[in-house]
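# Here is a sequence together with a model predicted from it:
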Amino acid sequence: MTYSKNLFLFVSIFIATFNIFADTPEKCARPTTPEFQKSIVYQILLPLFTQEGTLKKAGEMLPHVKSTGADIVYLCPIAESDDDMNQEFWSKRQKASNTGNPKNPYRIKDYFKVEPMFGSDDDLRDFVSNAHKCGLKVVLDLVYYHCGPTAVFIKENPDFVKRNPDGSIKKGRWTFPELNFDNPKLREYLLKNMEYFVKEFDIDGYRTDVEGSVPADLWAEGYSRIRAIKKDVIMIAESRRHDAQVDAYDASYSFEWQSTVRFVFEGKKPASAIAERWKIDNSAFAKGSRLLRYMDNHDTASDSGTLRFEKRFTNSGMDAVLVLNFTIDGIPLIYMGNEIADSSHLNMFSTNSKGRCFVAWENALTDVGIGRYNLVRKLANLHRSNPAIYKGETKWLENSNPNSVLTFTRDSGENRILVVINTSAGEVRADFPSETKVGALILGRGATCDFEGGKASFKLSPYAYGVYEY
């Protein structure tokens with residue numbers, strides 16, 4: 001009798017719990033524009049983009065940026081950075097750079113002032129205007145989790161930053177002062193800052209640094225305010241917050257996708273780990289979320305003592321990574337120089353007077369650089385023109401070599417493609433376990449497909465890839 005009662009109680013609780021979740025509506029990402037779904041982001045860190053490190057010189061490069069197929073320029077922080085020499089408030093990475101440069105672009109001194117090293121307000125206006133003439137939108141970087149130790153507002157508003165019990169400034173991650181979001185005056189200050197660059201410079205939106213460490217309702221309010229000024233603003237979150245796109249964002253990204261792809265191409269994980277990572281993200285993020293797909297960015301390229309991915313995977317490996325990131329669902333990101341196979345160490349703490357490192361634009365004249373540039377242009381055109389890629393459903397296909405080979409389809413109903421990628425530095429084969437009809441090759445290198453008994457069999461050279469009609 002006791003057993004029956006316990007079983008009945010268990011079943012009742014299970015049914016009640018199921019009904020609660022069944023009645024809970026699934027969170028959906030807010031819709032974005034068809035243009036954004038097709039978009040490609042190009043990231044620029046101004047001090048390293050040109051030898052001059054200025055907005056003016058970067059503006060001269062905008063036709064090149066457009067020629068890659070990009071349509072959004074994402075500028076790393078352009079606000080005045082803190083010049084405090086007290087290394088108590090320097091991050092470990094900043095110290096390890098050995099540049100002696102206090103001006104970390106992610107340690108802001110004045111949120112309303114353009115960094116003088118980059119140029120003037122008029123230079124920023126000209127940059128944005130020229131970008132618009134090229135058909136490019138401009139997204140700025142917001143750094144609201146922390147500020148610099150001599151930020152201009154601290155003296156008059158000491159409670160704009162968090163304090164320890166003894167009254168000293170509380171340091172957050174990376175040893176920078178944490179902003180105090182319990183203070184409504186600070187929140188309004190930051191909201192006005194979001195409005196300011198849209199109103200005064202006609203920028204097109206923001207990428208938000210460490211988004212999850214800033215209250216979600218502040219981002220939602222900020223998005224609402226800037227959208228009232230400019231209807232088609234863009235918001236991109238550096239965040240693992242799964243519902244970020246419900247009320248504030250067009251796209252999100254974190255390091256899990258990039259890390260998984262890196263480990264696979266380094267031979268530390270099987271190719272199937274990428275599919276597993278995708279499945280985890282697809283089930284966790286709000287339905288319809290758009291994820292930024294990248295390998296390189298300002299963080300990864302700045303790590304001291306580590307090889308750039310161009311050298312870790314070789315140029316051929318990076319080609320294959322780019323094919324993956326441009327054909328999987330999401331928004332591809334090109335880090336400055338990726339399009340010419342640049343492998344320079346690009347430390348974010350360097351400037352034209354401290355550390356001096358820049359994109360090696362001479363690579364554009366080499367065979368490898370020309371080949372990469374042509375590949376990026378083809379991938380950009382494919383991403384933008386093929387509905388299967390910019391809005392199609394992703395489905396992972398099993399193959400006989402899950403350790404080395406990725407196989408997936410993209411299907412929009414009107415177009416369907418198959419993507420096959422060898423993630424290894426060796427020659428491999430991969431067979432499909434069931435009948436598969438592979439159509440014409442759209443884009444490829446080192447991949448050959450044969451049919452034996454109605455089954456597709458691929459022979460793949462190192463880091464080979466093929467994009468096929470399917």
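Thanks, I have the structure now. All figures in this text were calculated on a predicted structure; none of them were measured in a lab. Numbers count the residues shown, from 1 in each chain.
# Could you list the low-pLDDT ranges of the stretch 151-300 of the chain?
Regions of the stretch 151-300 of the chain meeting the criterion pLDDT under 70 are absent.
# What segments of it are helices?
Remark: helices assigned in the stretch 151-300 of the chain by DSSP state H, counting those that start in this stretch are 184-201, 216-229, 244-247, 256-265, 272-284, 298-302.
# Quick one, which of those gets closest to Arg93.
Of all the helices of the stretch 151-300 of the chain, helix 298-302 sits nearest to Arg93, with 6.8 Å by C-beta to C-beta. No exception for glycine: its C-beta is placed from N, CA and C like everyone else's.
# Pull that closest one out as CSV, backbone CA atoms only.
What follows is helix 298-302 as a C-alpha-only set of coordinates in CSV (Å, rounded to 0.1, in the frame of the first residue of the first chain):
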residue,chain,number,x,y,z
HIS,A,298,41.1,41.3,-30.6
ASP,A,299,41.3,39.0,-27.5
THR,A,300,42.7,35.9,-29.2
ALA,A,301,45.2,37.8,-31.3
SER,A,302,46.5,39.6,-28.2
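# For it, buried residues please.
His298, Thr300, Ala301, Ser302 (16 or more other C-beta atoms under 10 Å).
# Kindly report the same for stretch 347-366.
For stretch 347-366, the buried set under the neighbour-count rule, 16+ other C-beta under 10 Å, comprises 347-352, 354-355, 357-361, 363-364.
# For the helices of the stretch 151-300 of the chain, give me CSV that also has distance to Lys137.
Shown next, in CSV, are those (distance: least, C-beta to C-beta, whole Å):
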stretch, distance to Lys137
helix 184-201, 12
helix 216-229, 13
helix 244-247, 18
helix 256-265, 23
helix 272-284, 25
helix 298-302, 19
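# Tell me which of those helices sits most buried.
When these are scored by mean count of other C-beta atoms under 10 Å, the highest mean neighbour count falls to helix 244-247 (a mean of 23).
# which helices and strands sit right next to that helix?
helix 216-229, strand 251-253 (3 or more C-beta pairs under 8 Å, 6 or more residues apart in numbering; DSSP states H and E).
# who touches it?
For helix 244-247, contacts defined as C-beta atoms under 8 Å, 6 or more residues apart in numbering pick out 27-30, 211-212, 216, 219-220, 223, 237, 251-252, 285-286, 288-290.
# Quick one, which of the helices of the stretch 151-300 of the chain gets closest to Ile44.
helix 298-302 (9.3 Å).
# which helices and strands sit right next to the helix or strand harbouring Leu333?
Assessed by DSSP states H and E, Leu333 sits inside strand 331-335. Packing partners of strand 331-335 (3+ C-beta pairs under 8 Å, 6+ apart): strand 41-44, strand 292-293, helix 314-327, helix 367-385.
# can I see the domain layout of this protein?
Partitioning the chain according to automatic domain parsing yields domains covering residues 34-385, 394-469.
# and the first one, how far out from the chain's middle?
A distance of 7 Å separates the centroid of the chain from that of domain 34-385, by C-alpha atoms, centre = their mean, to the nearest Å.
# And for the shortest one?
Averaging C-alpha positions (C-alpha atoms, centre = their mean) puts domain 394-469 26 Å from its chain's average.
# three-state assignment of Pro47?
helix (DSSP: H, G, I helix; E, B strand; the rest coil).
# ok, now how distant is it from Arg107?
The gap separating Pro47 from Arg107 is 14 Å, by C-beta to C-beta, to the nearest Å.
# Also Asp84?
Per C-beta to C-beta, Asp84 is found 8 Å from Arg107.
# Mind listing the shared neighbours of the two?
With C-beta under 8 Å, 6+ apart as the test, Asp84 and Arg107 both reach Gly148.
# So for the two, which sits in the more crowded spot?
Set side by side, Asp84 and Arg107 show more neighbours around Arg107, with 27 against 17, by other C-beta atoms under 10 Å.
# Please name the residues that touch the more buried one.
The contact partners of Arg107, by C-beta under 8 Å, 6+ apart, come to Ser81, Asp82, Phe89, Ser91, Val143, His146, Cys147, Gly148, Phe176.
# Excluding residues flanking it in the chain, which one is nearest the fourth one?
In other words, Ser91. Trp174 (4.0 Å; C-beta to C-beta, 6 or more residues apart in numbering).
# One more: Asn180?
In space, and not counting its chain neighbours, Asn180 is closest to Lys162: 4.8 Å by C-beta to C-beta, 6+ apart.
# Surely the one you found touches Asn183?
No - counting by C-beta atoms under 8 Å, Lys162 does not reach Asn183; the two are 9.5 Å apart.
# And the average pLDDT for the longest strand along the chain is what?
Ranked by residue count, the top strand of the chain under DSSP state E comes out as strand 455-469. Averaging pLDDT along strand 455-469 yields 95.
# and the angle from it to helix 367-385?
Relative orientation of strand 455-469 versus helix 367-385 (axes from the mean of the first three to the mean of the last three C-alpha atoms, to 10 degrees): 80 degrees.
# Can you list the strands that strand 455-469 pairs with?
strand 416-422 (antiparallel), strand 428-431 (antiparallel), strand 441-452 (antiparallel) (DSSP bridges).
# List the buried residues of that strand.
Counting neighbours by 16+ other C-beta under 10 Å, one finds that the buried residues in strand 455-469 are Ala456, Ser457, Phe458, Leu460, Pro462, Tyr463, Ala464, Tyr465, Gly466, Val467, Tyr468.
# what's across from the last one in the sheet?
When bridges are called by DSSP bridges, Tyr468 pairs up with Leu418, Leu441.
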